[in-house]
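**Q** Pasted the sequence and its predicted model underneath.
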Amino acid sequence: MSRKKIGETFSSELAAAGLLGLPFSWGEDGSFTFCTDMPEGKKVEVLEVYSSHDPKKNNDPAGA
């Protein structure tokens with residue numbers, strides 16, 4: 001998977017997928033650090049959210 005920047009909607013996308021609060025972190029550059037006790041299936045789910053993430057999308061409901 002190629003890296004892309006992470007935009008401002010990523011945390012809300014993770015929350016919508018029920019993944020926010022799990023033991024991992026991310027960098028704006030698209031890097032991830034998963035704790036050793038993070039289940040493999042959840043890692044895959046996080047990376048799937050990242051794969052579909054549009055870094056240009058913003059949280060403004062008007063899309064501005």
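**A** Nice, thanks for sending it over.
**Q** going forward, measure contacts and count neighbours with C-alpha atoms only.
**A** OK.
**Q** which other helices and strands contact the longest helix that the chain contains?
**A** In the chain, assigned by DSSP state H, the helix with the most residues is helix 40-52. Applying 3 or more Cα pairs under 8 Å, 6 or more residues apart in numbering; DSSP states H and E, one finds that helix 40-52 contacts helix 10-16.
**Q** which helices and strands does the helix it packs on pack with?
**A** Identification of packing neighbours for helix 10-16 by 3+ Cα pairs under 8 Å, 6+ apart yields helix 40-52.
**Q** Which residues belonging to the helix it packs on are considered buried?
**A** Buried positions in helix 40-52, judged by neighbour count with 16 or more other Cα atoms under 10 Å: Lys43, Val46, Val49, Tyr50.
**Q** Measure how buried the residue lying closest to the first one once chain neighbours are set aside is and give me the count.
**A** Leaving aside its chain neighbours, Lys43 sits nearest to Phe34 (7.5 Å; criterion: Cα to Cα, 6 or more residues apart in numbering). Applying other Cα atoms under 10 Å, we find 15 residues neighbouring Phe34.
**Q** my read: Phe34 touches Gly21, true?
**A** No. With contacts counted by Cα atoms under 8 Å, Phe34 stays clear of Gly21, the gap being 11.9 Å.
**Q** Report the residue spans of the chain with pLDDT below the cut-off.
**A** Counting by pLDDT under 70, the chain contains low-confidence residues at 1, 60-64.
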